[in-house]
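*Asks:* Kindly generate the corresponding structure for this input.
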Amino acid sequence: MSRYLEMVDSPAHVKTLSLEQLKLLAEEIRQELITVLARNGGHLGPNLGVVELTLALHFVFSTPKDKFVWDVSHQIYVHKILTGRKKRFDSVRSTNGLSGFAMRTESEHDCYGAAHAGTALSAALGICAARDQRGSDENVVAIFGDAALTNGISFEAMNNIGHTTKKFIGILNDNEWGIAKNVGAISSYLNKLITHPSYNKLARDFERFVRRLPKGELALTLAHKAEEGFKGALTEVGLRHVGSPGDSDGRGGYGSSLIFEEMGLRYLGPIDGHDLPLLISTLEFAKSCDHPIVIHVLTKKGKGYEAALKNPEKFHGLGPYDIATGATPPAKPGTPPNWQDVFGQAMVKLCQKDNSVVGITAAMPSGTGLKALEKAMPHRYYDVGIAEEHAVLFACGMATMGFHPVCAIYSTFLQRAYDCIVHDAALQDLPVIFCMDRAGLSPQDGPTHHGLFDISYVRAVPNCIAMAPKDEDELVDMMFTATHEQHPVFIRYPRGPGEGVPIKDQPRLIEIGKAQVLQNFSNNGGRKVALFPLGSLMALGRKVGAQLAAEGFDVALINPRFIKPMDAGVMEFFASAAEVVVTLEDHVLMGGYGSAVLELLNEKRISIPVIQVGWPDQFIEHATNVEDLRRKYGLTVENTVARVKAEFAHANSSDLPLTTVGSIRSY
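*Replies:* Model prediction:
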């Protein structure tokens, strides 16, 4: 490890370094990021882009007293290194290691946890209001990206900042990218930026301020240079680069600070986000301001690593890679395609055959697989930015015109649009199709990204159809079936490789609410167990069934397919014939599929033990892989088989026939 990086174990150490030493430290940190993440994977590009900004923040401010609120917080690795977590940094995103996001439980320097976009401005304003209420003097800095400005919450916050507090510092970290290239547009006028009275006053105040600082003249010269090269302030809300750096505003003529100024936020910038002296001078000025201020900082995603600069979307977040080439290890021979890629290819085929189908993503074209549709049929593809509520309402509008819009949104992100699901899609009974990727675990990302609540939040809503495919061929069948329905349809499937099942040339319609019996009881004299593994847990269910059969049990295996409406007839038949029912789901047990089974059996007055296998009523932490977490929480063959055997042992010791237990029991 390099000399300066060895010296820095806390923010106080950063303040002891000279500007030249800070510049050397910045390069050492970049090398540390590149080296560690080559082994572990993670959000490389965003963190390479904020090295100087993070150093400047810690040079000027003093956490934990001063508060840094990071939007999304995937760019917090440098902050972690500088706040006492350097020695554990090589454990980031791994089992029992550091989180890849801000966590209040991990460090006193993380004042606010996050991992979804658009939260920083509102949270920081709340902290400012609390500070003002108690009369303390903390500085509060919200660091938010340009992509976060496509999220409505950010604008709700900006609408309130100037009316709520006089001291607020926002850092607009503009690197032109969220995960993919940002999209959308806010029209504005460059001349208003130049002539706006409050902007000019702020510029003059800043000039007077930096002249009083050491090397102030140099900082001022750099500030003027930055202003000449980059006049634009907010460009294409998402900031699409349509010009060259030599254009008058550096963004092809777009941009104005008025969106901030007219909301009562003084605007300063844009400035070079990799110029430490200028950053420090600007932050010192912001610290002295007695009015809310937004500093527009231009950074380069992936700075310092050529592979990340050339492919910012890939290096936003990735697994291990080769440092020399930036290449990620190829998939092992025979590895099935990922679920999202199967979805993406199916979308292309559906759109080619059905003019009513369109694809909608909320800034996740690659993650959801819709990149394939964008390339093949761009006129049938919509990326609305990080705006899940808008995505759902936009889809509802299209549905009223006879279309079948497909919203491809991660399960965890769709939570943000729940009101729109209820109030707009379901209440109006519109044929919007929700394809919920990452339903289940997203292990390295952790609790903010696990899709473990969608069954609960969909089950409660009338008019909805909810399905979970056991394999990729059934996923395509479900997508095809959904395009023939006139109700909201939800299809949940996990992250990672599929099951390796071949996909038919022509998908088939699935009867709504009809389960699939894969294996009936053999009547071999063994104790009867009915297994209901939902969706992606079918592989686990098959292994459980095989183990039980090997030990003499008579096993039935049913593919539920439908969460809502449930196949009441199949459930009633097997619950009446079996001695134990086992439900398996990649979801929390509270309000999940097993709960639905219990409710149905209670309604039918069928008394039988029900063993529920799923996730407990708590937030599940991050880990290196899914297997580590399943072992810890008992979603395994061994634990499930043991619980079945324990249930029979309990029944035998009670001297009562198992099928006459007086109430449904679950675990």
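*Asks:* Run a quick neighbour tally on Asn40.
*Replies:* Other residues lying near Asn40 total 18 when counted by other CB atoms under 10 Å. Backbone N, C-alpha and C define where each C-beta goes, glycine included.
*Asks:* Repeat that for the one 4 residues further on.
*Replies:* Number of residues near Leu44 (other CB under 10 Å) recorded here: 27.
*Asks:* ok, Thr165 - contacts?
*Replies:* 125, 128-129, 132, 292 (CB atoms under 8 Å, 6 or more residues apart in numbering).
*Asks:* 10 Å instead?
*Replies:* Thr165 makes contact with 124-129, 131-132, 140, 291-292 under the criterion CB atoms under 10 Å, 6 or more residues apart in numbering.
*Asks:* Highest neighbour count among those?
*Replies:* Comparing these by number of neighbours (other CB under 10 Å), Ala124 comes first, having 28 neighbours.
*Asks:* List the contacts of that residue.
*Replies:* Taking CB under 10 Å, 6+ apart, we find Ala124 in contact with 67-71, 111-112, 140-144, 157, 161, 165, 168-170.
*Asks:* rerun at 6 Å
*Replies:* 69, 140, 142 (CB atoms under 6 Å, 6 or more residues apart in numbering).
*Asks:* related to what we said a few turns ago, so which of the contacts of Thr165 sit within helices?
*Replies:* 124-129, 131-132 (DSSP state H).
*Asks:* Pick the one among those residues closest to Phe403.
*Replies:* Leu125 (38.4 Å; CB to CB).
*Asks:* distance of the closest one from Tyr305?
*Replies:* Here Leu125 is placed at a distance of 35 Å from Tyr305 (CB to CB, to the nearest Å).
*Asks:* ok, now Pro431?
*Replies:* Per CB to CB, Pro431 is found 45 Å from Tyr305.
*Asks:* likewise Arg459?
*Replies:* From Arg459 to Tyr305 the distance is 45 Å (CB to CB).
*Asks:* Have a look at Pro431 and Tyr305 and say which one is more surrounded.
*Replies:* Remark: of Pro431 and Tyr305, Pro431 carries more neighbours, 23 against 19, as counted by other CB under 10 Å.
*Asks:* you'd agree that one is up against Thr483?
*Replies:* No. Pro431 lies out of contact with Thr483 (CB atoms under 6 Å); the separation is 8.3 Å.
*Asks:* got any residues that touch both of these two?
*Replies:* Taking CB under 6 Å, 6+ apart as the criterion, Pro431 and Thr483 both touch His404.
*Asks:* Output the below-cut-off pLDDT ranges for the protein.
*Replies:* Confidence mapping of the chain against pLDDT under 70 gives the ranges 1-2, 176-258, 654-667.
*Asks:* Centroid-nearest residue for it?
*Replies:* His449 (5.0 Å; CA atoms, centre = their mean).
*Asks:* surely that residue meets Ser411?
*Replies:* No. Between His449 and Ser411 there is no contact under CB under 6 Å: 9.1 Å.
*Asks:* List phi and psi for Gln612.
*Replies:* Here is the backbone geometry of Gln612 (degrees, to the nearest 10): phi -100, psi 120.
*Asks:* For Lys470, see how far away the residue nearest to Thr481 when sequence neighbours are not counted is.
*Replies:* Once flanking residues are discounted, Thr481 sits nearest to Ile510: 4.7 Å by CB to CB, 6 or more residues apart in numbering. Note on Ile510: its distance to Lys470, by CB to CB, is 12 Å.
*Asks:* same question, Ile409
*Replies:* According to CB to CB, Ile409 and Lys470 sit 22 Å apart.
*Asks:* Just want to know which of those two has more residues nearby.
*Replies:* Ile409 (27 against 24).
*Asks:* which residues sit in contact with that one?
*Replies:* Applying CB under 6 Å, 6+ apart, we find Ile409 in contact with 362, 388.
*Asks:* From Leu17, how far off is it?
*Replies:* According to CB to CB, Ile409 and Leu17 sit 44 Å apart.
*Asks:* What residues of whichever helix in the chain runs longest count as buried?
*Replies:* With secondary structure taken from DSSP H, the chain has its longest helix at helix 19-40. Buried residues in helix 19-40, counted by 16 or more other CB atoms under 10 Å: 22-23, 25-26, 28-30, 32-34, 36-38, 40.
*Asks:* so what does it touch, helix or strand wise?
*Replies:* On a contact count with 3 or more CB pairs under 6 Å, 6 or more residues apart in numbering; DSSP states H and E, helix 19-40 meets helix 3-7, helix 44-49, helix 51-60, helix 276-288.
*Asks:* Stretch 503-513: end-to-end distance?
*Replies:* Distance between the two ends of stretch 503-513: 22 Å, counting by CA to CA, to the nearest Å.
*Asks:* repeat for stretch 309-322
*Replies:* Using CA to CA, the distance between the terminal residues of stretch 309-322 is 15 Å.
*Asks:* got it, and stretch 609-625?
*Replies:* One end of stretch 609-625 sits 32 Å from the other (CA to CA).
*Asks:* in that stretch, what counts as buried?
*Replies:* 609-615, 620-624.
*Asks:* Counting neighbours, what do you get for Gly162?
*Replies:* 18.
*Asks:* whoops, Gly525 was the one
*Replies:* 8.
*Asks:* And the one 5 residues further on, by the same measure?
*Replies:* The number of residues packed near Ala530 is 26, by other CB under 10 Å.
*Asks:* Show me what the helix or strand that contains it pairs with in its sheet, parallel or antiparallel.
*Replies:* Taking DSSP states H and E as the definition, one finds Ala530 inside strand 528-533. Its sheet considered, strand 528-533 pairs with strand 554-559 (parallel), strand 580-588 (parallel) by DSSP bridges.
*Asks:* possible to save those strands as TSV with distance to Glu284 and mean neighbour count?
*Replies:* Below are the strands paired with strand 528-533 laid out as TSV (distance: least, CB to CB, whole Å; neighbours: other CB atoms under 10 Å):
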stretch	distance to Glu284	mean neighbour count
strand 554-559	63	23
strand 580-588	47	27
